Structure formats: structure tokens, C-alpha cells
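A.B. asks: I need the structure of the sequence given here:
(4 chains)
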2 protein chains.
Amino acid sequence: MPTIKDLAKELGVSVSTVSRALNNHPDIRQETKQEVLEAMKRINYTPNALARSLIQRKSNTIGLMIPDITDPFFSAMAHDVEEVLSDNGYLVIYVNTSRRPDKEKRFLTSVLERKMDGIIVTPDFLDEDGIELLQRLKIPVVFLRRRPPQGLEMPFVDVDHYEGACNAMDYLFSLGHKEIGFIGMPQYSFTGKERYRGYIDSLQKRGLEPNPKGVIWDGRTMECGSRSMGRLMEEYPAMTAVFAANDLLGIGALEWLAAHDISVPGQMSVIGFDNLEVSNLHWIKLSTVAQPRKEMGRKAAELLMQMLLDNRLTADSILLNTQLIIRQTCSEAKI
Amino acid sequence: MPTIKDLAKELGVSVSTVSRALNNHPDIRQETKQEVLEAMKRINYTPNALARSLIQRKSNTIGLMIPDITDPFFSAMAHDVEEVLSDNGYLVIYVNTSRRPDKEKRFLTSVLERKMDGIIVTPDFLDEDGIELLQRLKIPVVFLRRRPPQGLEMPFVDVDHYEGACNAMDYLFSLGHKEIGFIGMPQYSFTGKERYRGYIDSLQKRGLEPNPKGVIWDGRTMECGSRSMGRLMEEYPAMTAVFAANDLLGIGALEWLAAHDISVPGQMSVIGFDNLEVSNLHWIKLSTVAQPRKEMGRKAAELLMQMLLDNRLTADSILLNTQLIIRQTCSEAKI
DNA sequence: CTGAAAGCGCTTACAG
DNA sequence: CTGAAAGCGCTTACAG
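C.D. replies: The predicted structure is shown next:
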């Protein structure tokens, strides 16, 4: 691999001159620059970004820490994150944490070692060590779909899960439902907790007593939704509607209902949260709460770029609005 | 940020000694090593991976070039690629090409600049420039779901799309179908072409004349499948079965059929390819051809690791088997 | 506008 | 087992 020295030798100039030509420095004669550029092609010279990063203290890489790229939510965000970052000349290094604390920590260590310029993170378990690592970073950090822990002055971009849940509940109330079940995501899940909070508060705001048997926590998959629906039907027979904390859960519930010949929305109303692509399938048409998921990735990346540009470690968070999507799985409560 | 110098000063030893302690070099006293490790924690020293890479000529990063992380296929593979690579101490840099030639090339340039140790690629447009770049790399490359172009001695890992398509067709034949339509992916698509080849060859092997009106090329989405189904019904009325080149297309076809009250499989059989998660939904139950998609990512990463370990630029390709998944969208042809 | 020199933070023969 | 020195491939004041 030819280096800048080879290029300088080829032209009989100094490496400083070559460097200046390559980095379009103002102090360089146009002609010289042209010659350098041509010779560069001729000898197939490619600058070594590692060496450049070392001296410039800027690696032009951004770290992206997500729970699981396989989740359509995160892949959508990862797509847009990569798109805006690569348009800005950055490379993105991505890590799946699989929601494991050790992998979260390992990622943060890599960030330090590789001198990444900024990171976008979606941590599920941030303990003291993690927080300390985050503080030592001294680079822009934006939280995506998570809130920064107390004491860390870092922005986040997310959707208002609480408000979205309230909107879903209000819609159910407007149809006359009073006995509403809840299928939750894992208890540690931040988004799951927020949505649950919306469910409970909505009930209480209306003076309705939440039925302790009306809430089930299982996992986040379709199978969990199906299983939960079965249990709910047994333990909460008065129920006329179900709020599933995410669409996968909601679709699982629909599956269970279809398999047991319970008509939707005739006998049971179901509403989800996320607005996955599948939810709009001809056979499903799940009413749900949509989140601008591509926009979130984009916003997070843009926010990070702005912080990098302004050389600031903090900025204003962005809370995006959800949108109630009314399809065909909810109807008036039978009286 | 403390450097190795600070650490050496802290302990009153030379940087060479510190370096040896950190890289568990054999020539080091256990005691010294312990002290270094402790001091490292004390002063919060993190090695600079950039400097290390520069001198070791090994960046411990692997590039992953994929068309679109949003595609469940690629996100599944990306997940496993990241998993095995990070278990081996590598970081993965990922780029979506969006099936754009310029982005493919830009990625390859980055690989050169960042001195990546190896790459896993899924190119859609590899022209001369691209091939030349690939040759200049001199690092292990594995093709994922694509074949290396003529003259490049590089391994691939993929599924036998052709054979999978033949199996799907054989299944249709075994049910008595003779008039079979084909909904294709975009014409430039490698996997699409292979599956089409399986379709055509299967027909001809049985002495059946392919009906030119029986083949439609549109896009790769559900909407395309739906639209294509409509056109096929119009132009090829004798058709009793459809082979959709991917599940999304197949599900789109099912949607169109459901919307037009044509019963499946009673009046029309449909088979797909991919075995997406949605295809197994209660309402869909699409018969299809499954590919071990997670395994592919894993295999590709393992192959790459092996090449890195053996210090070889080539290796044997891996062609995985598909599996016919019979569900509920195909039945005997009406006579 | 150009060049010589120092330095980014490491590793690795080489000598002891 | 340890240290001094050279060097990885660049950039950037500094001097001219």
C-alpha cells in the first residue's frame, strides 16, 4: 500500500505539500494540487484514516448501540441513522446488546478505545459503572427511545409513549369501553412502563378502578400476546377491550381470538401500539398508535451532527408525537 | 485522556514495559503486570485503539455492506454477523447501500481507508471499478447472498435459490398443477434471477411450454405482489397456481385474492419463497421455501474469521439448503 | 506557497 | 525481565 511518502517522492515534493493538497488547505497552489490529485490516482494512493484520526483526534465514526437489529423498530431507526451519518462523512459502528448489561458496557469501552466521535444509544440496563463510563466519554451522546439517567445532561429523542397510550385509552373510552385489559411488555422495559402508566392513569382519571386481574406481563412477542389473551379471557370475563402494549402482542391476541372464534371487533376490541407494517395487512387491520420510527432515527442522527458541529455535549431533547391509527379492530362496547 | 506515557510515569517504568503488560507479552514479570493493571484502573487509562491499529496494521474492524438493514432478511443476517464478530473481538462497521452503485463504491473506499481487516458484502451492482477496488483490498472478503464476479477468487455463502425454486415447482407439479404463473422480483436481482431460472427450467423439464404472459416482473414489495396478481389473473386465465419469487410478493398476491373473493387454495394455489415470520400468521399460512437466514449470517462471519485466522484470502464457499414449508395455500389442481 | 521537524499514542526489534 | 529508540502514516505549527 503506497503511503503519503511514496506519493511525495513520486512528485518530488514534501509530504506537507501532499497533505495540504489532499485536505484542500488554502495555502496551496492550484497546479500543485492538481498534480497531487492525479498522481494519487496513478499510484492508487488511499489515505490511511487511522493515522489521520490519531493526529486529528477525530475518528469520523459514530457508535450505535441498540438492543436488537432484528426488531423492525430498531432496524428502521438504524437505517436512517446510517443514512444521515454517512451523508455527513461518518461511518457507523453498530452493536447489538441483546439487552445484556455486559454487552452495553463492552460497547462503551469500545467507544473509548476507538475514539468514536459520538454515539447514539438505547440502553436497557445502565448501572453505576455504565453511567460512569458515559461520563468519561466526553463526546456527544444521544439517547434513542430511552431517557438519560439522573445527573447526565444528555438529550434524548423519543416518542411520548405515555401520551400515546392515553390517546389509545381515550379512544376506547369514547367507544364506551370501561372494562379494559392490558397486555404488557417485559416489566423492565422503559417504553413498556410508560405505556402502562398511560393505561393506569387513564383509567383512574375516569374514576375507574383498575382490575388487578386485567393486567398481564409476559414478553414482547406474538406468542406472548396470544398466551396473554387466553389468560385474560379466563381471569377477566367482564373485559370488552384490550390494550396491547405493542402490535406484536396485539396481533398475538388477535390470533388467539380468531382461533377461538371470538369475533373482532364484535365481541372484543383490540388496540395495539407501534403501527408495524404487518398490522395493516388485509386480514389484520389492527387499530394502533403510530410512531414516526424512521423520523426518530433521522432526528437522532441530525441532533448528534448538530452537537458535533456546535462542539456541545448537550442539546434539547426531541419528543415526537404519536398518531392514533383507527382501523378495524375496535368498535362500540356492547351494553 | 491519559496515555500510555502517563501510566508509565505513574509507575516509574518505561512505556515498553507497560505495553508488554497490557498485551500479555510473555517477557514480563507477573508482579509488574499486576501493578500496571492496577494503575491502569486507578488513572482510568484506556488504550488508544487507533494508535495500536496503526502500528499493528490490524484495525479489528469488519465491514458489512448490505442493501438495506430494514429488510428482515438482512437484519437477521446482520444480527448474527455482529454476534460472532463481537465474540471474536471485532467491531462491525455497517453500511446500507440502498442498492446504489455509488454507495457500494464508497463503502469499498472506506474499507481501504480504515484498514478494515475483512468484509462481508452483498453488492447489487459491481462494475469494473468495484471489482478493481475489491482486488486492491487484499483482505478476506466473503460474499453474502451474492456470487463473486468472474475472476475474483472469493468465497460466498448463500442458499441454493435455484434448487429451492425447483422444489417449490415440483411440489406444485405433484399437486397436478400445469398452468403456473410467476411473480418475479426486480430483474437485476441475483436471487430473483436464480429463482426464475428454477421456475423456467422446471417447466421445461416437464415438457411444459412456459406461457410468456405467465411471468410478471415488478418490484419486491407486497403492493407489487398484489398488483401483479391482478394482472396475472387477467392475462393468464388458465392459471391454477402462482409461484411468487418472495413471500412479500406472495402475501400481496394473497391480499389481492382475498379482496376479490377468490378462495385459496380452493381456486388458486400460491407458494412463496423466504419463509418470513409473517408468512406463518394465522390468517396467512403461506406455503413457502425456507432459508436458514440466521445461519447464513453466522456462517459468513465464521468463514471470515477462519480466513483471518489462517491468513488466507480465499476459502470454500458454503451453499446451504432450503426447505420446503408446506402450509395452507396450495392444494390439488382442479381438473 | 513550500519544506523540515515535531508529534499523535502506540508496538517491537534490539541491546543489555 | 526491562528500557531506549525507531517507526506506523499522517497533520500542523513554524520558518522561510
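A.B. asks: where does the closest residue in space to A:A238 that isn't next to it in sequence land on pLDDT?
C.D. replies: Spatially, and ignoring its direct neighbours in sequence, A:A238 is nearest to A:E179 (4.5 Å; Cβ to Cβ, 6 or more residues apart in numbering or on different chains). C-beta: built from backbone N, CA, C; applies to glycine. Per-residue pLDDT puts A:E179 at 97.
A.B. asks: so A:E179 versus A:L320, what's the distance?
C.D. replies: 32 Å (Cβ to Cβ, to the nearest Å).
A.B. asks: what pLDDT does A:R29 get?
C.D. replies: 87.
A.B. asks: please apply the same query to A:P72.
C.D. replies: 89.
A.B. asks: so who does it touch?
C.D. replies: By Cβ atoms under 8 Å, 6 or more residues apart in numbering or on different chains, the contact list for A:P72 reads A:276-277, B:70, B:72, B:75.
A.B. asks: now those in CSV, with secondary structure?
C.D. replies: As requested, the contacts of A:P72 are arranged in CSV below (DSSP: H, G, I helix; E, B strand; the rest coil):
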residue, secondary structure
A:L276, coil
A:E277, helix
B:T70, coil
B:P72, helix
B:S75, helix
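A.B. asks: turn these into JSON lines, including distance to B:L50.
C.D. replies: Shown next, in JSON lines, are the contacts of A:P72 (distance: Cβ to Cβ, whole Å):
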{"residue": "A:L276", "distance to B:L50": "40"}
{"residue": "A:E277", "distance to B:L50": "40"}
{"residue": "B:T70", "distance to B:L50": "31"}
{"residue": "B:P72", "distance to B:L50": "35"}
{"residue": "B:S75", "distance to B:L50": "29"}
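A.B. asks: please identify which of these is nearest to B:P186.
C.D. replies: Minimum distance to B:P186 across these is 16.4 Å, recorded for B:T70 (Cβ to Cβ).
A.B. asks: and for that closest one, the neighbour number?
C.D. replies: 20 (other Cβ atoms under 10 Å in any protein chain shown).
A.B. asks: quick one, phi psi at it?
C.D. replies: Main-chain torsions, B:T70, degrees, to the nearest 10: phi -70, psi -20.
A.B. asks: tell me which parts of chain A are close to DNA strand C?
C.D. replies: A:12-17, A:20, A:26-30, A:32, A:51, A:54-55, A:57 (Cβ under 7 Å from any atom of the strand).
A.B. asks: residues in contact with stretch A:117-127?
C.D. replies: A:58-67, A:74, A:81, A:90, A:97, A:99-101, A:104, A:107, A:111, A:130, A:134, A:137, A:139-146, A:149, A:188-190, A:300-301, A:304, A:307-308.
A.B. asks: restricted to helices, list these.
C.D. replies: Within those, residues falling in helices by DSSP state H are A:74, A:81, A:101, A:104, A:107, A:111, A:130, A:134, A:137, A:190, A:300-301, A:304, A:307-308.
A.B. asks: hmm, A:P210 and the residue nearest to A:A238 touching each other?
C.D. replies: No: applying Cβ atoms under 8 Å, one finds A:E179 not in contact with A:P210, separated by 10.6 Å.
A.B. asks: tell me, how many residues neighbour the residue nearest to A:G192 when sequence neighbours are not counted?
C.D. replies: Of all residues not flanking A:G192 in the chain, A:M185 sits nearest, at 3.3 Å (Cβ to Cβ, 6+ apart). By other Cβ under 10 Å, 24 other residues sit near A:M185.
A.B. asks: contact partners for A:M185?
C.D. replies: Going by Cβ under 8 Å, 6+ apart, A:M185 touches A:191-192, A:195, A:217, A:219-220, A:245-246, A:249.
A.B. asks: distance of it from DNA strand D?
C.D. replies: Separation of A:M185 from DNA strand D (Cβ to the nearest atom of the strand, to the nearest Å): 47 Å.
A.B. asks: same thing with A:L248?
C.D. replies: In terms of Cβ to the nearest atom of the strand, A:L248 sits 48 Å off from DNA strand D.
A.B. asks: try A:D316
C.D. replies: Using Cβ to the nearest atom of the strand, we find A:D316 at a distance of 30 Å from DNA strand D.
A.B. asks: hmm, that residue is touching A:P155, no?
C.D. replies: Yes: A:D316 is within contact range of A:P155, at 6.2 Å (criterion: Cβ under 8 Å).
A.B. asks: neighbour count winner among the two?
C.D. replies: Using other Cβ under 10 Å, the more surrounded residue of A:D316 and A:P155 is A:P155, with 21 against 8.
A.B. asks: got the residues of the stretch 51-200 of chain A near chain B?
C.D. replies: By Cβ under 8 Å from any Cβ of the partner chain, the residues of the stretch 51-200 of chain A that approach chain B are A:51, A:53-54, A:59, A:61, A:68-70, A:72, A:75-76, A:78-79, A:82-83, A:86, A:91-96, A:98, A:103, A:106, A:109-110, A:112-115, A:136.
A.B. asks: show the buried residues in those.
C.D. replies: When those are checked for burial by 16 or more other Cβ atoms under 10 Å in any protein chain shown, the buried set is A:51, A:53-54, A:59, A:61, A:69-70, A:72, A:75-76, A:78-79, A:82-83, A:86, A:91-96, A:98, A:103, A:110, A:112-115.
A.B. asks: mind listing the helices for chain A?
C.D. replies: So, for chain A - with DSSP H - the helices run A:4-11, A:15-22, A:30-42, A:49-56, A:72-87, A:101-113, A:128-137, A:161-174, A:190-205, A:222-235, A:247-259, A:293-310.
A.B. asks: tell me which of these is the most buried.
C.D. replies: helix A:247-259 (a mean of 25; mean count of other Cβ atoms under 10 Å in any protein chain shown).
A.B. asks: near DNA strand D at all, stretch A:15-26?
C.D. replies: Yes: under the criterion of Cβ under 7 Å from any atom of the strand, DNA strand D is reached by stretch A:15-26 at A:15-16, A:19-20, A:22-23.
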